[in-house]
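*Asks:* Here's my sequence, what's the structure:
(one chain, ligands or ions: 1)
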Amino acid sequence: MAVGPERGSIPAGTLWGYGLPSIPVGRHKVAIVADITTVKLLSVLAILAALFSLALGGLATAQAVPLPRPRPGQISTAAPTPEGTAEEAAPSACRLRLTAELAVAPSLPALIGPGECAVEDAVRLEAVWLADKTRVTVTPPAVVRCSFAEAIVRWVREDLAPAVRPMGGPPKSVDNYDAYDCRGRNRMVGAKLSEHGKGNALDVRSLRLANGTVLELTDPQVAKEFRDRVRKDACARFSTVLGPGSDGYHESHVHVDLAERAGGYRMCQWDVREPGEEAAQVPLPPPRPAAAP
Ligand SMILES: [Zn+2]
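*Replies:* A predicted model of the protein is given here:
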């Protein structure tokens, strides 16, 4: 018959599980067994610790291996977006006034040019809507500052459209010979910055009507009454109007801008000529660069 453990004794090899020989149990002996067990436990812990540090070492080694550089396409070039960027900025008062009912004029990012050729609040004026929903295209679209686009829109709606009605209107398109263009006046290098460089000017050669008629503003063959009317309206609306007879650079187109001058000085220089007068002695301007719109 098997002898079971006595009450109060600790059967070695069963309770501790380390295969220790059975030792008569007393308070003192238990302490020895505990010490031996502690040593064994510490050994196991040390082994575990060694294994753990080995594993860590392996991990550290893995981390030390340099990673391949990201391909150029993987490098993020997106700059952090600070709050209050242009896209998030509140629209200008002009932008709010220049509605889709008046014009097709999407906003552009600020124009950054050399020197003073910087334009905030730029738009691409593509078309003007007349009150009767007639679309008047700006050909090609004119990049100008919003306030100047607004002036052009009003000019087309309030002055040009009524003026061309008797001529075979309504208007279909307005020719944009030049709009935003970072350059000196009359394309002279070193000259004072043109209003074109500020997105504050437009050169117009002609208006095309819905019936196909093309009205050249500087053509003496075009009804003088019509051209007189356009000149009078333009000079009332814009602070600068330059046409034939002004300086030799505007014989084939009319320049309008909203230059601000001391004392509100305005320039209205456009000789509306009769047929035969076009031979008036004026200096011929140099040819325009081919790239000019
Ligand atoms: Zn001009």
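
*Asks:* Pretty sure P141 sits in a helix.
*Replies:* No: assignment of P141 by DSSP: H, G, I helix; E, B strand; the rest coil gives strand, placing it outside any helix.

*Asks:* what's near enough to touch it?
*Replies:* P141 makes contact with 124-126, 176 under the criterion CB atoms under 8 Å, 6 or more residues apart in numbering. No exception for glycine: its C-beta is placed from N, CA and C like everyone else's.

*Asks:* repeat that for 6 Å
*Replies:* Contact analysis of P141 by CB atoms under 6 Å, 6 or more residues apart in numbering lists 124, 126.

*Asks:* Make residue 1 into 55 and carry on from there
*Replies:* Sure thing, new numbering starts at 55, so read that last one as P195.

*Asks:* Relative to V295, how far out is it?
*Replies:* P195 is 22 Å from V295, where distance means CB to CB, to the nearest Å.

*Asks:* Equivalent analysis for E314, please.
*Replies:* For E314, the distance to V295 - CB to CB - is 15 Å.

*Asks:* With neighbour numbers in mind, choose between those two.
*Replies:* V295 (24 against 10; other CB atoms under 10 Å).

*Asks:* what's in contact with stretch 287-307?
*Replies:* Against stretch 287-307 from outside (CB under 6 Å, 6+ apart): 209, 213, 231, 240, 257, 259, 272, 308-313, 320-325, 336-337, 339.

*Asks:* Which entries in those residues are shared with the contacts of the ion?
*Replies:* The subset of the contacts of stretch 287-307 within reach of the ion, by CB under 5 Å from the ion, is 257, 309.

*Asks:* So the residue in the chain that the ion sits nearest to: helix, strand or coil?
*Replies:* Of the residues in the chain, the one nearest the ion is H309, at a distance of 3.4 Å by CB to the ion. Secondary structure for H309, judged by three-state DSSP, is strand.

*Asks:* same thing with G244?
*Replies:* On the basis of three-state DSSP, G244 is classed as coil.

*Asks:* what about it, distance to G169?
*Replies:* According to CB to CB, G244 and G169 sit 11 Å apart.

*Asks:* Same question for Y303.
*Replies:* In this view, Y303 and G169 are 21 Å apart by CB to CB.

*Asks:* So which of those two has more stuff around it?
*Replies:* Y303 (20 against 8).

*Asks:* State the pLDDT value of the more buried one.
*Replies:* With respect to pLDDT, Y303 scores 93.

*Asks:* List the buried residues in stretch 316-326.
*Replies:* Neighbour-count burial for stretch 316-326 flags 321-326 (criterion: 16 or more other CB atoms under 10 Å).
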